[in-house]
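Chemist: Curious how this folds, go ahead:
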Amino acid sequence: MSPCPNRRIIYPGTFDPVTLGHEDLARRAAALFDEVVVAVAAQTPKKTIFPLAERVALAEATLGRIDKVRVRAFDGLLVHLLAEEQTPILLRGLRAISDFEHEFQLASINRRMDAHIETLFLMTSDAYTFLSSSLVREISRLGGDVSAFVQAPVAAALQQRFAHGPQGLDHNGEKS
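Modeler: Numbering: from 1, shown residues only. Have a look, this model is predicted:
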């Protein structure tokens, strides 16, 4: 299959941490588009364990080496990012049917804010249907080996983050 000509797609998320599932989606999207912009969200309702700069650095270490993939941070609404990047196309991954309702709601509200926005859904590869950043964080927090789920720089960062046991971290990734 040939890529869509002159097309850029935005792959937004918290990437806290970036997993092999994220990498799989980025690789597959890069085969279809001229450029995949992995957009790491600064503001999120989720409690992140890594500050934004570290999430961007880890995404760059993992995804930035993929041809046609660029990593950047963003702050604010996705509709503003899409305008800045001059593309109306978003990429979202679906692991299971349970993801669909939430993703459908996000796609609908984005399109309501800008009728030109299209959200493309890619099903996660079978090997990663079980994988989520929250599961990786929990395994690592409890002292488990996450090397089968993330690239080495991410595993090392998680190990360092939780080196002193399963402490809590605040919204900025600082110990609480």
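Chemist: I'd like the next helix or strand past the worst-scoring helix or strand of the chain on mean pLDDT.
Modeler: Ranking every helix and strand in the chain by mean pLDDT, DSSP states H and E puts helix 97-113 at the bottom, with a mean of 89. Scanning forward in sequence from helix 97-113 by DSSP states H and E, the next helix or strand is strand 118-123.
Chemist: Look at the residue of the chain most remote from its centre and give its secondary structure.
Modeler: Each residue of the chain has a distance to the centre, and by Cα atoms, centre = their mean the biggest one is for residue 164: 26.5 Å. The three-state label given to residue 164 by DSSP: H, G, I helix; E, B strand; the rest coil is coil.
Chemist: Ends of stretch 27-43, what's the gap?
Modeler: Start-to-end span of stretch 27-43 (Cα to Cα, to the nearest Å) is 25 Å.
Chemist: just how off-centre is that stretch within its chain?
Modeler: Relative to the mean C-alpha coordinate of its chain, stretch 27-43 is positioned 9 Å out (Cα atoms, centre = their mean, to the nearest Å).
Chemist: in it, what counts as buried?
Modeler: 27-30, 32-33, 35-42 (16 or more other Cβ atoms under 10 Å). Just so you know, the C-beta spots here come from the backbone N, C-alpha and C atoms, and that holds for glycine as well.
Chemist: Just the residues you listed: which are in helices?
Modeler: 27-30 (DSSP state H).
Chemist: Closest to residue 48 out of those residues?
Modeler: Distances from residue 48 to those, taken as Cβ to Cβ, are shortest for residue 29 (23.3 Å).
Chemist: tell me the pLDDT at residue 12?
Modeler: Per-residue pLDDT puts residue 12 at 97.
Chemist: Could you check the angle the strand or helix carrying it makes with strand 118-123?
Modeler: If you go by DSSP H and E, residue 12 is part of strand 8-13. Per axes from the mean of the first three to the mean of the last three Cα atoms, to 10 degrees, the angle that strand 8-13 makes with strand 118-123 is 60 degrees.
Chemist: Alright, that wraps it up for me.
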